[in-house]
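Enquirer: Predicted model and sequence below, questions to follow.
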Amino acid sequence: MSEQTTTIISKVWGMCNPLRDDGVSYGDYLEQLTYLIFLKMSDEYSKPPYKRNTGIPNGYTWSDMNDLKGAELETQYKELLKNWVNKMEF
């Protein structure tokens, strides 16, 4: 495993510790982290050299939440989950 991969894995598990400590189950925080990784990847694909339309509405992208912190970030993320994810068709 490369050093970069090891660093990424450590960061992801580091994000899980506060969730676990607050009583969030493994399945729940795995779902949340997976969704956040999806948003980050979508953001990267929307920029050069890819420049793809990812279909994520304005206000719900990684870039829209990237500079938010604390309660403001939590409020925006909850709004995203409530209004956008529930409308997705699988």
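Expert: Structure received.

Enquirer: only C-alpha atoms for contact and neighbour calcs from this point on.
Expert: Will do.

Enquirer: Which helix or which strand is home to the residue most central in space within the chain?
Expert: The residue lying closest to the centre of the chain (Cα atoms, centre = their mean) is residue 36, at 1.2 Å. For residue 36, the host element (DSSP states H and E) is helix 26-45.

Enquirer: average pLDDT across that helix?
Expert: Averaging pLDDT along helix 26-45 gives 85.

Enquirer: and after that helix, which helix or strand comes next?
Expert: helix 62-66.

Enquirer: CA atoms only for that following helix - export them in CSV, please.
Expert: Provided in CSV are the C-alpha atoms of helix 62-66 (Å, rounded to 0.1, in the frame of the first residue of the first chain):
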residue,chain,number,x,y,z
TRP,A,62,-18.8,20.0,-2.2
SER,A,63,-17.7,23.6,-3.1
ASP,A,64,-20.9,25.0,-1.5
MET,A,65,-20.0,23.3,1.8
ASN,A,66,-16.2,23.4,1.7
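
Enquirer: Now do the buried residues in the helix or strand just after it.
Expert: With elements assigned by DSSP H and E, the helix or strand that comes after helix 62-66 is helix 70-83. Neighbour-count burial for helix 70-83, counted by 16 or more other Cα atoms under 10 Å, picks out 76-77, 80.
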